[in-house]
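Visitor: Provided below for reference: sequence and predicted model.
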Amino acid sequence: MSLTLAFDTSQAHVCASLLTTDQVGQTTSLAAHFEPMAKGQAEALLPILESLLQQAGCAWGDVTRLGVGAGPGNFTGIRIAVSAANGLAQGLGIPVHGVSVLEAMAFGHPGLRLASLDARQDRLYLQVVAQNEEPPFLANLSDLPELAAPLCIGHEAHTLAAHYQGRVASPTASISEAIARLSMSKPESTSFATPLYVRPADAAPPKEPPPSIRP
């Protein structure tokens, strides 16, 4: 039996899911948590994960795999989740997989899918999800790639579906559960998750030069 713990803080929330897989490959959700949270994710994440394990009657030593939302999304939120996942993976000696949140949104649907998130500043985070993995990218509604009638999921899904003459769909699972299930399907075993920042952090270096220090 394997136990997969997955979590995400790339958006204004903390969400987590705990899934178990038995010897015949049947996967069952043991516990889940979702909490809207714009600030304080770094302090809340580990207590939420510990509470989730206790709720399922499990301990950290029972976890055999970690999945983490690697972005795109909020720069600080991505860093919080990925850093925590990598630290836990190293400490527990178990594999960890970073999963695109957009790929998780499209999980469970067949065919060509276009997942979208609000990137603000009139832009979208987009990912074309099909048999071949395509990385997330930034775009705006006036400069979209050419696609053949995809299934559109997420922010501005109706606008995107109208543009492509496609259809609109909703996610089939919560983000954290989809991350867990996708991490279980990854063939490779890795001890390090890589963040998907897509664009630089919004914080900019100061325009004024630092004061000179006299000897």
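Guide: Done, it's in. Numbers count the residues shown, from 1 in each chain.

Visitor: what about residue 19, which helix or strand?
Guide: Using DSSP states H and E, residue 19 falls within strand 13-21.

Visitor: Give the pairing partners of that strand; include direction for each.
Guide: The sheet places strand 13-21 alongside strand 2-8 (antiparallel), strand 27-36 (antiparallel), with pairing taken from DSSP bridges.

Visitor: okay, the ones you listed in CSV with distance to residue 95, mean pLDDT and mean neighbour count next?
Guide: For glycine as for every other residue, the C-beta is placed from the backbone atoms N, C-alpha and C. As requested, the strands paired with strand 13-21 are exported to CSV (distance: least, C-beta to C-beta, whole Å; pLDDT from 0 to 100; neighbours: other C-beta atoms under 10 Å):
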stretch, distance to residue 95, mean pLDDT, mean neighbour count
strand 2-8, 10, 97, 26
strand 27-36, 16, 96, 14
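
Visitor: thinking again about what came up before, please write out the alpha-carbon positions of the strand holding residue 19 in PDB.
Guide: Only the C-alpha atoms of strand 13-21 are listed here, as PDB (Å, rounded to 0.1, in the frame of the first residue of the first chain):
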ATOM      1  CA  HIS A  13      -5.500  29.100  -0.700                       C
ATOM      2  CA  VAL A  14      -3.900  26.200   1.100                       C
ATOM      3  CA  CYS A  15      -5.300  22.900  -0.200                       C
ATOM      4  CA  ALA A  16      -4.100  19.300   0.500                       C
ATOM      5  CA  SER A  17      -5.200  15.800  -0.200                       C
ATOM      6  CA  LEU A  18      -4.200  12.400   1.200                       C
ATOM      7  CA  LEU A  19      -4.700   9.400  -1.100                       C
ATOM      8  CA  THR A  20      -3.900   5.700  -0.600                       C
ATOM      9  CA  THR A  21      -3.400   3.100  -3.300                       C
END
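
Visitor: Tell me how far that strand lies from the chain's centre.
Guide: When C-alpha coordinates are averaged (C-alpha atoms, centre = their mean, to the nearest Å), strand 13-21 and its chain have centres 12 Å apart.

Visitor: Ramachandran angles for residue 161?
Guide: Note on residue 161: backbone dihedrals following degrees, to the nearest 10 are phi -60, psi -40.

Visitor: and the gap between it and residue 85?
Guide: Distance, residue 161 to residue 85, by C-beta to C-beta, to the nearest Å: 33 Å.

Visitor: Next up, the contacts around residue 70.
Guide: Residues near residue 70 by C-beta atoms under 8 Å, 6 or more residues apart in numbering: 10, 78, 81-82, 98-101, 193-196.

Visitor: nearest to residue 43, of the residues you listed?
Guide: Distance to residue 43 across the contacts of residue 70 (C-beta to C-beta) is lowest for residue 81, with 13.4 Å.

Visitor: surely that closest one meets residue 6?
Guide: No: if you go by C-beta atoms under 8 Å, residue 81 and residue 6 don't touch, sitting 9.9 Å apart.
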